[in-house]
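Participant: Quick one: sequence plus predicted model below, questions after.
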Amino acid sequence: MIMWACNNRVNLYFIEPGKPIQNAFVESFNGRFRDECLNQYWFTSIEDAATLISKWKHDYNILLPHSALGKMTPLQFRLAAEEANPLLKENKLDLTGNIKLAAVS
């Protein structure tokens, strides 16, 4: 991993051992992914794992309501946000409120 990071100019940052709160969102997701996907299946091959993980990812991102989104699915949340702000629909504003600037050619 270190060699890949160096070759791709990626800086690696590690949290302190025993301090999961320093990376709470990722730790929460990793726990959910492990409990709801990895611990539920016996993968027989890389292809099998990729297929089942892809299905879980689709369900997680499209079908399952999230408490952080007011019990809406991510898709419902996105559609509601686009309805409230047309710039999102035009892909000129991201969900954090940052305006996307066009690339200069």
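Facilitator: Arrived safely, thanks for sending.
Participant: In the least confident helix or strand in the chain by mean pLDDT, which residues are buried?
Facilitator: Sorting the helices and strands of the chain by mean pLDDT, DSSP states H and E puts helix 86-89 at the bottom, at a mean of 74. By 16 or more other C-beta atoms under 10 Å, the buried positions in helix 86-89 come out as Leu88. From N, CA and C alone the C-beta is placed, and that goes for glycine too.
Participant: mind saving the C-alpha coords of it as PDB?
Facilitator: Once non-C-alpha atoms are left out, helix 86-89 reads as follows in PDB (Å, rounded to 0.1, in the frame of the first residue of the first chain):
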ATOM      1  CA  PRO A  86     -32.200  23.600  -9.100                       C
ATOM      2  CA  LEU A  87     -28.400  24.200  -9.200                       C
ATOM      3  CA  LEU A  88     -27.900  20.700  -7.800                       C
ATOM      4  CA  LYS A  89     -30.000  19.300 -10.700                       C
END
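Participant: What's the separation between Asp48 and Lys55?
Facilitator: 11 Å (C-beta to C-beta, to the nearest Å).
Participant: Start from the N-terminal end of this protein and give the helices.
Facilitator: According to DSSP state H, the chain carries its helices in the segments 2-7, 24-33, 46-58, 74-84, 86-89.
Participant: Format the ones you listed as a markdown table; extra columns: distance to Glu16.
Facilitator: Shown next, in a markdown table, are the helices of the chain (distance: least, C-beta to C-beta, whole Å):
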| stretch | distance to Glu16 |
| --- | --- |
| helix 2-7 | 19 |
| helix 24-33 | 13 |
| helix 46-58 | 29 |
| helix 74-84 | 31 |
| helix 86-89 | 37 |
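Participant: Looking at these, which is nearest to His66?
Facilitator: helix 74-84 (6.6 Å; C-beta to C-beta).
Participant: quick one: contacts of that closest one?
Facilitator: Outside helix 74-84, the residues within contact range by C-beta atoms under 8 Å, 6 or more residues apart in numbering are 61-62, 65-66, 69-70, 72, 88-89, 95.
Participant: quick one: Leu12 and Ala5 touch, right?
Facilitator: Yes: in this structure Leu12 lies within contact range of Ala5 using C-beta atoms under 8 Å: 5.2 Å.
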